[in-house]
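Trainee: show me how the following folds:
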Amino acid sequence: MDQTQPLIAPPGLKGVVVADTTTGDVRGSEGFYHFREHSAVELAQTRSFEDVCHLMLEGSLPTAEQSAALQAKLAEAAVLPHGLLEVLLDIARSGPDRGSLARLRTAVSHLGALEHFAPTYGASPDRVRADVLRMVGAVPVIQSALFRLRNGEAPLPARPELGAAGSWLWMLTGQEPTDQHRRAITAYLTSTIDHGFSASTFAARVVTSSGADVASAMCAAIGTFGGPLHGGAPDRALDSLDEIGSPDRARAWVREKVGAGERIMGFGHAVYTVLDPRAAMLRAVALEMGGPLVDLAVTVEQEVIAALAELKPGRELHTNVEYYAGVVMELCGIPREMFTPTFATARVVGWGAHILEQAQDTKIFRPAARYVGPEPTR
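Mentor: Prediction:
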């Protein structure tokens with residue numbers, strides 16, 4: 001083989017292995033994914049968000065003592081510096097209503113500059129881990145503060161005693177969350193901590209491969225995550241339910257959208273060829289909560305799947321995580337413009353785990369591109 005000719009990867013790098021990882025894996029044909037050696041869905045159903053955070057960042061589920069120590073570190077990391085608080089109001093006023101992740105990206109960049117986050121290249125694992133924990137603790141507080149400031153309300157401090165989900169709901173709404181809502185959002189947050197080499201995770205690892213600091217890698221991940229083809233879909237999936245209105249309109253609605261070449265948000269996945277296990281779990285969470293929205297969602301889901309099977313024969317288009325994620329978040333009182341930021345609150349942990357792993361490898365990502373333009377003049 002001519003070593004000067006690079007291999008040509010398929011579009012989107014589909015199926016191309018670019019790194020080794022111990023963080024977990026997604027087995028699309030099996031409808032299964034795991035965090036390290038544990039079933040991710042089982043963890044979401046049985047463990048706290050903080051326990052799974054320890055698993056991802058430290059490599060094991062914590063003892064009671066380790067859990068308490070991590071919670072103390074996260075509580076400390078949730079206190080924002082005065083220099084950041086001074087600029088949050090200006091950041092909050094910028095951009096469109098559904099520009100929450102762009103505002104978060106700006107605030108994270110500012111935090112990294114204020115606190116002099118060091119390059120990961122040459123840094124000790126403990127230093128990189130400390131910067132990752134700072135982001136895990138600070139991101140939910142930053143996001144809720146930006147949301148409240150934009151709506152003319154004072155930011156609220158984190159309440160670690162409520163757990164990650166309860167504190168998030170409190171900071172957004174200012175209301176004491178119910179146990180049911182805390183359990184529902186805990187299941188959602190924990191299940192979405194990581195999900196293989198998604199586009200945002202890959203972006204974080206590419207930046208880290210250059211030796212850049214944790215804040216820079218997080219900004220790249222956040223920017224990627226905000227795209228409607230990635231993390232920006234839960235609110236759009238629920239918007240679709242609003243458009244459909246009643247189950248008897250579902251098939252005609254799908255035909256119209258498919259005919260116009262539009263994507264049906266909440267259905268289909270780049271990896272899963274069977275039902276997304278996160279969707280199955282969140283459907284069960286929604287059914288436990290009950291109500292007209294859940295009834296509508298379940299019936300419309302069946303109609304949409306039937307219509308897609310008819311219009312796209314041979315394609316495996318099943319419900320994905322965004323569909324029931326939107327339903328659960330709506331039932332728990334999370335505003336729609338904060339659906340994707342809620343997703344990001346969890347995914348910061350996964351990005352952090354991959355940043356820690358990538359920082360141990362000193363080889364920079366440097367793929368090639370195939371030039372297909374006009375022949376250059378020599």
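
Trainee: look up how far residue 213 lies from residue 116.
Mentor: Remark: distance between residue 116 and residue 213 (Cβ to Cβ, to the nearest Å) = 9 Å. In this view, the C-beta of every residue, glycine as well, is placed from N, C-alpha and C.

Trainee: over to residue 204?
Mentor: According to Cβ to Cβ, residue 204 stands 12 Å off from residue 213.

Trainee: more neighbours, the two?
Mentor: Neighbour comparison, residue 204 and residue 213: the larger count goes to residue 204, with 30 against 23 (by other Cβ atoms under 10 Å).

Trainee: where is the longest helix in the chain?
Mentor: As far as residue count goes, and with DSSP state H defining each element, the longest helix of the chain is helix 125-150.

Trainee: now that helix: buried residues?
Mentor: Within helix 125-150, the residues scored as buried using 16 or more other Cβ atoms under 10 Å are 128-150.

Trainee: same check, this time on stretch 13-21
Mentor: Neighbour-count burial for stretch 13-21 flags residue 21 (criterion: 16+ other Cβ under 10 Å).

Trainee: can I get that stretch as PDB, trimmed to CA atoms?
Mentor: The C-alpha coordinates for stretch 13-21 follow below in PDB (Å, rounded to 0.1, in the frame of the first residue of the first chain):
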ATOM      1  CA  LEU A  13     -16.400   9.100  10.400                       C
ATOM      2  CA  LYS A  14     -19.200   6.500  10.900                       C
ATOM      3  CA  GLY A  15     -17.700   3.300  12.300                       C
ATOM      4  CA  VAL A  16     -14.200   4.600  12.300                       C
ATOM      5  CA  VAL A  17     -12.300   3.900  15.600                       C
ATOM      6  CA  VAL A  18     -10.200   6.900  16.500                       C
ATOM      7  CA  ALA A  19      -9.100   6.100  20.100                       C
ATOM      8  CA  ASP A  20      -9.200   3.600  22.900                       C
ATOM      9  CA  THR A  21     -11.400   4.300  25.900                       C
END
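
Trainee: what's the average pLDDT for that stretch?
Mentor: Averaging pLDDT along stretch 13-21 gives 90.

Trainee: and if you look at stretch 161-170?
Mentor: 97.

Trainee: same question, stretch 205-214
Mentor: Averaged across stretch 205-214, pLDDT comes to 98.

Trainee: ok now it, how far from the chain's centre?
Mentor: Distance, stretch centre to chain centre, for stretch 205-214: 19 Å (Cα atoms, centre = their mean, to the nearest Å).

Trainee: need the contact list for residue 277.
Mentor: 31-33, 40-41 (Cβ atoms under 8 Å, 6 or more residues apart in numbering).

Trainee: what distance do you get for it to residue 346?
Mentor: Counting by Cβ to Cβ, the separation of residue 277 from residue 346 is 16 Å.

Trainee: what are the ranges of the strands in the stretch 151-300 of the chain?
Mentor: With DSSP state E, counting those that start in this stretch, there are no strands along the stretch 151-300 of the chain.

Trainee: which residues in it form helices?
Mentor: Under the criterion DSSP state H, counting those that start in this stretch, helices of the stretch 151-300 of the chain are mapped to 163-173, 179-191, 199-209, 214-225, 234-244, 250-259, 277-289, 292-311.

Trainee: pick the most buried one from the ones you listed.
Mentor: Counting by mean count of other Cβ atoms under 10 Å, helix 214-225 has the highest mean neighbour count of these, with a mean of 25.

Trainee: restricting to C-alpha, output the least confident helix or strand in the chain by mean pLDDT in CSV.
Mentor: Using mean pLDDT, DSSP states H and E, the weakest-scoring helix or strand in the chain turns out to be helix 234-244, at a mean of 83. The C-alpha trace of helix 234-244 is given here as CSV (Å, rounded to 0.1, in the frame of the first residue of the first chain):
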residue,chain,number,x,y,z
PRO,A,234,-35.4,17.7,23.2
ASP,A,235,-37.4,20.9,23.0
ARG,A,236,-37.9,20.4,19.2
ALA,A,237,-39.3,16.9,19.9
LEU,A,238,-41.8,18.4,22.3
ASP,A,239,-42.6,21.2,19.8
SER,A,240,-43.5,18.5,17.3
LEU,A,241,-46.0,17.0,19.8
ASP,A,242,-47.6,20.4,20.1
GLU,A,243,-47.8,20.7,16.3
ILE,A,244,-49.5,17.2,16.0
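
Trainee: on the three-state scheme, residue 369 is what?
Mentor: At residue 369, secondary structure determined by DSSP: H, G, I helix; E, B strand; the rest coil is coil.

Trainee: circling back: for residue 336, find the nearest of the helices of the stretch 151-300 of the chain.
Mentor: Closest approach to residue 336 among the helices of the stretch 151-300 of the chain is made by helix 234-244 (4.4 Å; Cβ to Cβ).
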